[in-house]
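Chemist: Quick one, what's the 3D model for this:
(one chain, ligands or ions: 1)
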Amino acid sequence: MLFQNLILENASETVDIRVIDGKFENIAPKLEPQPSEEVIDCGGKMALPPFVESHVHLDTCLTAGRPRWNLSGTLFEGIQCWEEYKPFLTKDEVKERVNKAIRLQASNGIQYVRTHVDINDPKLTALEAILELREEVKDYIDIQIVAFPQYGILSYPKGKELLEQALKMGADAAGAIPHFEFTREYSVESLNICFELAQKYGKLIDIHCDEIDDEASRGLETVATRAYEMQMGDMVTASHTTAMHSYNNAYVIRLMRILKMSEMNFVANPCVNMHLGGRVDTYPKRRSMTRVKELTAEGINVSFGSDDIFDPWNPLGNSNMRDQVFMGLYTGHMLGYEEIINSYKFVTTNAARTLHLGDAYGIKEDNDANFIVLDATNWYDALNYNAPVLANYRRGKLIASTAPVEKKILF
Ligand code: FE2
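Modeler: Residues are numbered from 1 along each chain as shown. Down below sits the predicted model:
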């Protein structure tokens, strides 16, 4: 199969892509069609490797307003609403919602997802459901599961045992939530447990770290130090780190050294960080997104995630990664030309690095032929005009498409 006339990322010239047996066989300008080869003219549109959702909670998706709405809009009322929803969880109910969300993601060009799944549940219902689903949909989307202790490892009954059980059942990564533990001592100890269990079972780590406007929330320095000392850096991710927004600059300068040494990853969730952050401020109200511009300038890997899709923490959300990039650039003061034109990397290559996908990710010969085609000729326009993903190809097969929008202006 030959795909003609595509612009790869920020290239200035078009190329053709030949796909054989689901793999990229050849990528070069003006490839000659072979006899009886199927040819698709992509019309000079932009191609990217598929979008990567590096932080989302699929177990809570599509539950906003059930059994009630989060009226204060705070993180903590969100947790309370989720607690009230939990008695309604069944395996079928979770699978039905998550199946819908996955298809929404596919329509927006996503093929790789890291989902956190709440494991502070003695029955581990949601985890079981999403483990099953991971297998059922693997031909269309790769799902990576983080065992996420919503209430803590030490501040929830048998939290440590549940985390270990979730890893044994097949979760890909260990989670923790140091800022939500009862004490600072529990906070540090919960991180030690998380790292020890991840190492014991050979798993990745993704921590909900300092998702609070409290500038005294200092889980990050412990995460970075453990990542460095245990030489697990590129397997470790600190999600949110919104307290870093509020740290004093003198502390951040000292902290940045160990962050760089650790080689760990960061995920910001721009829309939800803006929505949940600054809630106890009067004026001025903090933006509460971590220091994406400064981390990036130091060569530290940062990706963007949605966090929530229409759930107690976000009453909006459509799994369109462009929205996260758009909000992230505005929130982070990153609207310089180079920052805009390269910003797709927050939801492609950077996010792939967060998920530890390695060389298997990307449009290059011998890789699986996974790619998307946007209704734009460059990322600047795709971002600005919210270009739809015209086609989402998985191993060379079309798995989702959107017709181009035709606007009529009548004057
Ligand atoms: Fe989260």
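Chemist: got the CA coordinates for stretch 85-95 in CSV?
Modeler: As requested, the backbone C-alpha atoms of stretch 85-95 are provided in CSV (Å, rounded to 0.1, in the frame of the first residue of the first chain):
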residue,chain,number,x,y,z
TYR,A,85,-20.0,6.7,42.6
LYS,A,86,-17.9,3.7,43.6
PRO,A,87,-20.8,1.6,44.9
PHE,A,88,-22.2,1.6,41.4
LEU,A,89,-19.1,0.1,39.8
THR,A,90,-19.4,-3.2,38.1
LYS,A,91,-17.1,-4.8,35.6
ASP,A,92,-19.6,-4.4,32.8
GLU,A,93,-20.4,-0.8,33.7
VAL,A,94,-16.7,0.2,33.7
LYS,A,95,-16.1,-1.6,30.4
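Chemist: Give the buried residues for that stretch.
Modeler: Under the neighbour-count criterion of 16 or more other Cβ atoms under 10 Å, stretch 85-95 has 85-86, 89, 91, 94-95 buried. C-betas here are computed from N, CA, C, even on glycine.
Chemist: What segments of the stretch 151-300 of the chain are helices?
Modeler: 159-169, 184-201, 219-229, 249-262, 270-276, 292-297 (DSSP state H, counting those that start in this stretch).
Chemist: Ok, which of the ones you listed comes nearest Ala243?
Modeler: For Ala243, the closest of those is helix 219-229, at 7.6 Å, according to Cβ to Cβ.
Chemist: mind checking how far that closest one is from the chain centre?
Modeler: Averaging C-alpha positions (Cα atoms, centre = their mean, to the nearest Å) puts helix 219-229 21 Å from its chain's average.
Chemist: Stretch 310-324 now?
Modeler: A distance of 12 Å separates the centroid of the chain from that of stretch 310-324, by Cα atoms, centre = their mean.
Chemist: Give me the distance between the two termini of it.
Modeler: The stretch stretch 310-324 measures 14 Å between its terminal residues, going by Cα to Cα, to the nearest Å.
Chemist: tell me what the worst-scoring helix or strand of the chain on mean pLDDT is packed against?
Modeler: Among the helical and strand segments of the chain, the one scoring lowest on mean pLDDT, DSSP states H and E is helix 75-85, with a mean of 92. In terms of contacts (3 or more Cβ pairs under 8 Å, 6 or more residues apart in numbering; DSSP states H and E), helix 75-85 is not packed against any helix or strand.
Chemist: what about 10 Å?
Modeler: Helix 75-85 sits against strand 110-118, helix 270-276, with contacts defined as 3 or more Cβ pairs under 10 Å, 6 or more residues apart in numbering; DSSP states H and E.
Chemist: Could you pull out the buried residues of it?
Modeler: Of the residues in helix 75-85, those scored as buried under the neighbour-count criterion (16+ other Cβ under 10 Å) are 75, 77-79, 81-82, 85.
Chemist: Just give me the closest of those residues to Ala351.
Modeler: Using Cβ to Cβ, Leu75 is the member of these that sits closest to Ala351, with 22.9 Å.
Chemist: How about that closest one, nearest residue that isn't a chain neighbour?
Modeler: With Cβ to Cβ, 6 or more residues apart in numbering as the criterion, Leu75 has its nearest non-adjacent residue at 4.8 Å, and that residue is Leu276.
Chemist: is it true that the one you found touches Ile212?
Modeler: Yes. The pair Leu276 and Ile212 qualifies as a contact (Cβ atoms under 10 Å) at a distance of 9.5 Å.
Chemist: Deepest in the core, which of the helices of the stretch 151-300 of the chain is it.
Modeler: Relative to the other members of those, helix 270-276 carries the highest mean neighbour count by mean count of other Cβ atoms under 10 Å, namely a mean of 25.
Chemist: For that one, the averaged confidence score.
Modeler: Confidence for helix 270-276, expressed as mean pLDDT, is 97.
Chemist: Show me how far that helix is from its chain's centre.
Modeler: Mean C-alpha position of helix 270-276 versus that of the full chain (Cα atoms, centre = their mean) differs by 14 Å.
Chemist: before we move on, back to that, how about JSON lines for the helices and strands packed on helix 75-85, with distance to Thr222 added?
Modeler: Supplementary listing: the helices and strands packed on helix 75-85 in JSON lines, determined by distance: least, Cβ to Cβ, whole Å:
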{"stretch": "strand 110-118", "distance to Thr222": "20"}
{"stretch": "helix 270-276", "distance to Thr222": "21"}
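Chemist: so where is the stretch 51-200 of the chain shaky, pLDDT-wise?
Modeler: Nowhere does the stretch 51-200 of the chain drop to pLDDT under 70.
Chemist: would JSON lines of the helices of the stretch 151-300 of the chain with distance to Trp313 be doable?
Modeler: Below are the helices of the stretch 151-300 of the chain laid out as JSON lines (distance: least, Cβ to Cβ, whole Å):
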{"stretch": "helix 159-169", "distance to Trp313": "21"}
{"stretch": "helix 184-201", "distance to Trp313": "21"}
{"stretch": "helix 219-229", "distance to Trp313": "19"}
{"stretch": "helix 249-262", "distance to Trp313": "26"}
{"stretch": "helix 270-276", "distance to Trp313": "6"}
{"stretch": "helix 292-297", "distance to Trp313": "20"}
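Chemist: which SS class is the residue nearest to the spatial centre of the chain?
Modeler: For the chain, the residue lying nearest the average C-alpha position, counting by Cα atoms, centre = their mean, turns out to be Ser54 (1.7 Å). The three-state label given to Ser54 by DSSP: H, G, I helix; E, B strand; the rest coil is strand.
Chemist: how near is the closest residue to Phe3 other than its chain neighbours to Asn367?
Modeler: With sequence-adjacent residues excluded and distances taken as Cβ to Cβ, 6+ apart, Phe3 is closest to Ile17, at 4.4 Å. From Ile17 across to Asn367, the span is 11 Å (Cβ to Cβ, to the nearest Å).
Chemist: So between those two, which is more surrounded?
Modeler: Counted by other Cβ atoms under 10 Å, Ile17 and Asn367 do not tie: Ile17 has more neighbours, with 26 against 16.
Chemist: Could you list everything that one pairs with in the sheet?
Modeler: Going by DSSP bridges, Ile17 is paired in beta bridges with Phe3, Ile27.
Chemist: Provide a list of residues in contact with it.
Modeler: Taking Cβ atoms under 10 Å, 6 or more residues apart in numbering as the criterion, Ile17 is in contact with 1-6, 8, 24-28, 31, 40, 42, 47, 363, 365, 369, 371, 393, 396.
Chemist: Do you know the pLDDT at it?
Modeler: As summarised for this prediction, Ile17 has a pLDDT of 98.
Chemist: Many thanks, we can stop here.
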